[in-house]
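Engineer: A predicted structure for the sequence below; I have some questions about it.
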Amino acid sequence: MSCTRVATLCLGVGTAIRSTRGAVMVERIGGGLPRVADVVDGGRGSCGRQAPPGAGRGEDRYCQGQLLTWSTMQTSTTSQIDWNAQLVEQLDFHWRHHLRPRLNGLTDDEYRWEPVSGAWNVRPRGTSTAPIAAGSGDFTIDFAIPEPDPPPLTTIAWRLGHLVVGVFGARVASHFGGPPCDYATHDYPGDAAGALAQLDETYAAWTAGVRQLGLDGLARACGPAEGPWAAAPMAELVLHINREVLHHGAEIALLRDLYRWRYSHGQ
């Protein structure tokens, strides 16, 4: 087994991937993402001391309190994990099989339904009572800076607007050469079909950009577009976006359930 490339990829606090000659040894710290320890001497291991008695076979190594076994942590260069593909697939699998199908059949009434009084929404221009009514078209999105404490409940329309602009659109513009996108100038749709079309478009653009990053792209710094996180690797931003979509998608799905329950019981 041999490897002509040495690369280190940061995937967040306390995680890294380093491929070296010989093999790749994966170390799991606290149940988190894999971390790679150097392997030299033909795969004999240089990451630490011999495992303590009872910890495993003699050839196992014990690193930072974690037992590393060769049977699960040694691999050839032909079977190394493609972390770029894994990061894309984590989100794309959820999108294709869970989130996007849950948005099918979204009606205009459901799109802008307010579960409670005072919810933030996407509204016809001139009807908002929020401190900020952002947007360039016939509809605006409710906003405030700083965010109120506690923040208002938000509608499906508001959450879709946030995904389109703040999660996907602005990041595509900053990192993958997409068109400018921000809350103040975005044209928010007043109907569900228009919002879903924007969501599909910006999701596709973000995913296409991430697919092309590769190890070098994932390791490079995010840059000034991410403000105080400018020095963080792109991999960290990709993981953040994955989390954003997962949790906002779950919120939207819950609102759909509440809407269906409310009207199916005649309330």
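Structural biologist: Okay, I see it. Numbering: from 1, shown residues only.
Engineer: tell me how many other residues crowd residue 128.
Structural biologist: 20 (other Cβ atoms under 10 Å). For the C-beta atoms, the positions are set from N, CA and C on the backbone; glycine is no exception.
Engineer: check which element follows the helix or strand hosting residue 172 along the chain.
Structural biologist: Secondary-structure assignment from DSSP states H and E places residue 172 in helix 170-175. Reading on from helix 170-175 to the C-terminus, the next helix or strand found by DSSP H and E is helix 192-211.
Engineer: could you give the mean pLDDT of that next one?
Structural biologist: Averaged across helix 192-211, the pLDDT comes to 98.
Engineer: buried set for it?
Structural biologist: Along helix 192-211, the positions that meet the burial threshold by neighbour count (16 or more other Cβ atoms under 10 Å) are 192, 194-196, 198-199, 202-203, 205-207, 209-210.
Engineer: which pLDDT value goes with the closest residue to residue 230 other than its chain neighbours?
Structural biologist: On the basis of Cβ to Cβ, 6 or more residues apart in numbering, the spatially nearest residue to residue 230 that is not a chain neighbour turns out to be residue 224, at 5.2 Å. You'll see residue 224 listed with a pLDDT of 96.
Engineer: okay, now residue 224: neighbour count?
Structural biologist: 8.
Engineer: before we move on, what about residue 173?
Structural biologist: Using other Cβ under 10 Å, residue 173 has 18 other residues around it.
Engineer: check residue 221 too.
Structural biologist: 14.
Engineer: what backbone torsions are found at it?
Structural biologist: Main-chain dihedrals, residue 221, degrees, to the nearest 10: phi -70, psi 150.
Engineer: quick one, what contacts the nearest residue to residue 144 once chain neighbours are set aside?
Structural biologist: Nearest residue to residue 144, sequence neighbours excluded (Cβ to Cβ, 6+ apart): residue 131, at 4.2 Å. When the contact criterion is Cβ atoms under 8 Å, 6 or more residues apart in numbering, the partners of residue 131 are 143-145.
Engineer: ditto for residue 180
Structural biologist: Taking Cβ under 8 Å, 6+ apart, one finds residue 173 in contact with residue 180.
Engineer: which sections of the stretch 1-150 of the chain are below the confidence cut-off?
Structural biologist: Applying pLDDT under 70 to the stretch 1-150 of the chain flags residues 1-79.
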